[in-house]
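Asks: Have a look; sequence and predicted model below, questions after that.
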Amino acid sequence: MCDAVLIHGTCIVDESTLTGESVPVTKTAIWREGAVVGEDIYDERVDSGSTLYCGTKVVQSRKNGREGEVLAVCIRTGFATTKGAVVRAVLYPPPLDFKFEKDSYKFVACLAAVASIAFVYTVYDKLRKHTLIHAIFYGLDLITIVVPPALPAAMTVGSMHAQARLKRRSAVFCLSPRAINVAGGIDCVCFDKTGTLTEDTLDLWGVVPIENGQICQPTRDPSTVPCDSHLSAALASCHSLTIVKGELVGDPLDLKMFRSNDWILEEPQMDNESQFDPPFTSVLRPRRQAELRTTVGVVKQLPFSSDLSRMSVVCQNLTDGKFTVYCKGAPEIIFSLCQPQLVPRDCEVTLQHYTQKGYRVIAIAYRELEAPWFEIKTTKREDLEWNLNPLGLIVFENPLKPGCSEVMRELHNANIRTIMVTGDNLQTALSVARNCEMIQADKSIQEIRISSLACAHSPLTFTSVTGIDINPVNFNEKIVENLRIEGEEKSTGTDRMCVALTGETWSYIKINAPELVSNILNQGIVFARMSPGQKQQLVQDLQAQGFCVGMVGDGANDCGALGAANAGISLSDAEASAASAFTARTRGVHAVLAVLKEGRAALTTSFGLFKYMAAYSLTEFTSVMLLYSQDSNFSDLQYLYIDLGLITVFAYLLSHGPPSYGALVKNAPETSLLSRGPLLSLLVQLGIMGVFQMAAFYAVPHSRNYGIFVISSVQYVLLAFVFFHGPPHRAPMSQDWLFIGTTILALLFMLYLMFFPADVIEKLFDLKSPDKVKDRLLVLFLILANIFSAIVIEQILRIYATLPRWTDWHLLAQRFYRICQSHR
Ligand SMILES: Nc1ncnc2c1ncn2[C@@H]1O[C@H](COP(=O)(O)OP(=O)(O)OP(=O)(O)O)[C@@H](O)[C@H]1O
């Protein structure tokens, strides 16, 4: 069980369990002199194309010529491997910094404090009539009443129900039920682009050749490009495709590119590899026999890396023996590696022409190498991939997944921010963001650029992007001022101006203009050309800004971000997705809505449930203290009926309700237990229950146990009723027949116990009913008054909780003042 670096030979590895990529990848030898022996040889990020990861499957291995056996050196074992990190993430998930949980601990600590005081008081009080041991037992009884031991179990049941529903209804698997509650508080969702918002499959639209520094007319059919041209050879060879069981497999983008070109790929057989000298990993020739003289052999592969955004191959022309390096990748990167005088001046305009339409554009370039084979073999990557000649642009169509727009609309209507974090080009990302309605039609986009990245402290440029027209606005104080003003508060996503930038600009701003970081985090909508590490960092920055972040990705280059998010939703079922709390089998973006709805419902349930458990324990505490004051107590069966027959049943019923499956609403559920709404509701209900218990206690002085038992039994049902939260986040009570039926049954049973209990039942419960019917009617009147006041006051409190607080009024006034100022 280890990660290993390949030193000799080539391997074809199925990494789907780790990365989610269904196509096997080619791993090539690290190819450097002194590899693994010296320091500074192996770079984890750059050399992923030479690393064999633990848990992945080697489909095929091949030795290269006379190099010797295929050889790899172990670099990490056990938990230190990449798979080990995934297992660690599952076994020891990062602590969920969730307000609700923190508040619940504080609340339990308060209950424990109350229990300790009650314990001391009870022991002291009971010592007057009982032995020390008995007095301590009475005191311990109180502790178990005030700090409900079933609280953790009750809280877990709600999340378990939500977890089961997510799997059954939406095919979303959840590894950590606690994360469901956290998902209920999400106010910002980051989306990866390729494979998440857009389909995994691509279609080749065409090729735009570049010749002598000039952009030529696009060719829709690349097979018409002359076979003896570098462009044709590049399209045929610059990929990491391989043949597994007679089938060509590899990156879908590479497959489309290769197939469009009508060349044939051959790989050396184990028994004839001596023919391939220098050792070719594959040989490519045009399908048309007449063109056989253009056959090329691939001698070295520099695999694709997300961090570098490019890949290369070194080929040898079998006719003239010349070596050529072909390099393809993100256009900005490839053009930066080309000879500047050969890069067409209008290439940016052409690039924008395609990217603004949402096409995925890759640039391709070449350089003829003069060096002999043994030198090329040990040449470093950066010494091969420079001084290139641009060959052209390859344009791919990458359609949106169905349903993206509806998801975006629903998220915006619910005031949830949406952000795109992608490794792709900024213009393509902007176009996709517009097409899927992540950027609403009425929003203005400011693209932030740096005039010259080469010189530190060069000014930022803000470019207004309106529709498909680019209207450059030079460094503009007003826009910066705008950013500052808008960025003062946490953005709700409804602000009119948003910001788009690349990973490079983002890194620059973080170092050179940190005062803008918080504003950009609040206004940013598209973060393009982001490396996997930058994606993860962005999620963490947003969290530091106060957002509860959801991340939706397809696993491959999003693993870090998925793991860092408060709720990571992986649209791939690879093992790496174990780092994210949720995994959607269907691979559709709709999973995000399912998770949010279930999360909001689970959070509401947890609130109701927590309030219920806290309220029942304090209500029972009041009853027991009142009875203790008369040196009395509930009978064993009375305790059993209250604890098992009422509280356990109603706690379960409160936990099992499904979400309201309608559209997400604007107001997210409360995430703080100790905030005004929940705390007030709990305290007021406790007050009401206490007052009516005391009234019953004094109303029937000769049957106090009867009065307290009957009224408190109704109160446990009543508390479940008032703390049942239905719409907007959960299905209404009217749809929960089990809850309604059990409530009616419990109340009817209580009426029966009050008025017509059979002798045997009365004896079993040790119930001493008042002789006079008048007394029983008085208790019934108190019960009805209790029910009425509890329900009415709870409704009033719920309305009150939705009103703006004085601090909100203060913010509104501030905003009004600003508007007045700007109109002067
Ligand atoms: N097979 C490939 N060969 C060469 N370049 C590639 C290849 N695949 C992608 N690229 C380039 O590298 C860039 C970064 O790729 P990466 O996989 O990190 O992100 P992405 O797939 O574009 O977007 P997302 O982050 O939304 O999944 C791409 O935008 C593209 O320009």
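Replies: Looks like it arrived, so ask away.
Asks: residues making contact with stretch 561-569?
Replies: For stretch 561-569, contacts defined as Cβ atoms under 8 Å, 6 or more residues apart in numbering pick out 89, 94, 96, 98, 172, 179, 182-183, 185-186, 190, 192, 421, 532, 535-536, 538-540, 543, 548-553, 555, 570, 577, 579-584, 591-592, 595, 599. In short, each C-beta sits where N, CA and C put it, glycine included.
Asks: Any residue of it touching the ligand?
Replies: No - against the ligand, stretch 561-569 shows no contacts by Cβ under 6 Å from any ligand atom, the least distance being 9.6 Å.
Asks: next one: that stretch to chain centre, how far?
Replies: Stretch 561-569 sits 4 Å away from the centroid of its parent chain (Cα atoms, centre = their mean, to the nearest Å).
Asks: Just the mean pLDDT for that stretch, thanks.
Replies: In this model, stretch 561-569 has an average pLDDT of 89.
Asks: Now do the end-to-end distance for that stretch.
Replies: Start and end residues of stretch 561-569 are separated by 10 Å (Cα to Cα, to the nearest Å).
Asks: Buried residues in that stretch, which are they?
Replies: Neighbour counts over stretch 561-569 (16 or more other Cβ atoms under 10 Å) mark 561, 562, 563, 564, 565, 566, 567, 568, 569 as buried.
Asks: Neighbours of whatever residue of the stretch 501-650 of the chain ends up closest to the ligand, how many?
Replies: Residue of the stretch 501-650 of the chain nearest the ligand, by Cβ to the nearest ligand atom: residue 557 (4.6 Å). Per other Cβ atoms under 10 Å, the neighbour tally for residue 557 reads 23.
Asks: ditto for residue 382
Replies: Neighbour tally, residue 382, other Cβ under 10 Å: 11.
Asks: Repeat that for the one 3 residues further on.
Replies: Applying other Cβ under 10 Å, we find 21 other residues in the vicinity of residue 385.
Asks: where does it sit relative to the ligand, distance-wise?
Replies: 12 Å (Cβ to the nearest ligand atom, to the nearest Å).
Asks: again with residue 429
Replies: 8 Å.
Asks: wait, what's in contact with that residue?
Replies: Here residue 429 is in contact with 193, 420, 422, 500, 526, 528 (Cβ under 8 Å, 6+ apart).
Asks: give me the element it is part of.
Replies: helix 426-435 (DSSP states H and E).
Asks: So residue 414 sits against residue 669, correct?
Replies: No - assessed by Cβ atoms under 8 Å, residue 414 is found out of contact with residue 669, at 11.6 Å.
Asks: And the helices in the stretch 351-500 of the chain?
Replies: 373-378, 381-384, 404-413, 426-435, 477-486 (DSSP state H, counting those that start in this stretch).
Asks: Then the stretch 601-750 of the chain?
Replies: Using DSSP H, counting those that start in this stretch, helices in the stretch 601-750 of the chain cover 636-640, 649-655, 676-699, 704-722, 737-755.
Asks: For my notes, please list those helices in a markdown table and give distance to the ligand for each entry.
Replies: Formatted as a markdown table, the helices of the stretch 601-750 of the chain follow (distance: least, Cβ to the nearest ligand atom, whole Å):
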| stretch | distance to the ligand |
| --- | --- |
| helix 636-640 | 58 |
| helix 649-655 | 38 |
| helix 676-699 | 39 |
| helix 704-722 | 47 |
| helix 737-755 | 45 |
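Asks: interface residues of this structure facing the ligand?
Replies: 192-195, 251, 253-254, 304, 306, 309-311, 328-330, 362, 422-424, 557.
Asks: So which bits of stretch 667-674 are buried?
Replies: Applying 16+ other Cβ under 10 Å to stretch 667-674 flags 668, 669, 670, 671, 673 as buried.
Asks: Tell me how the protein divides into domains.
Replies: 2-91, 189-199+401-585, 205-397, 603-810 (automatic domain parsing).
Asks: State the mean pLDDT of the third one.
Replies: Just to be clear, that refers to domain 205-397. 86.
Asks: One more: the shortest one?
Replies: Confidence over domain 2-91, taken as the mean pLDDT, stands at 76.
Asks: What residues does residue 720 make contact with?
Replies: Counted by Cβ under 8 Å, 6+ apart, residue 720 has contacts 612, 650, 651, 653, 654, 739, 743.
Asks: at 6 Å what do you get?
Replies: Residue 720 sits next to 612, 650, 654 when contact means Cβ atoms under 6 Å, 6 or more residues apart in numbering.
Asks: What is the neighbour count of residue 412?
Replies: Neighbours of residue 412 (other Cβ under 10 Å): 18.
Asks: how much space between it and residue 12?
Replies: Distance check for residue 412 against residue 12: by Cβ to Cβ, to the nearest Å, it reads 44 Å.
Asks: Likewise for residue 611?
Replies: 58 Å.
Asks: Also residue 799?
Replies: Counting by Cβ to Cβ - residue 799 and residue 12 are separated by 65 Å.
Asks: Over in the stretch 401-550 of the chain, which residue gets nearest the ligand? Let me know.
Replies: Counting by Cβ to the nearest ligand atom, the stretch 401-550 of the chain gets nearest the ligand through residue 423, at 2.4 Å.
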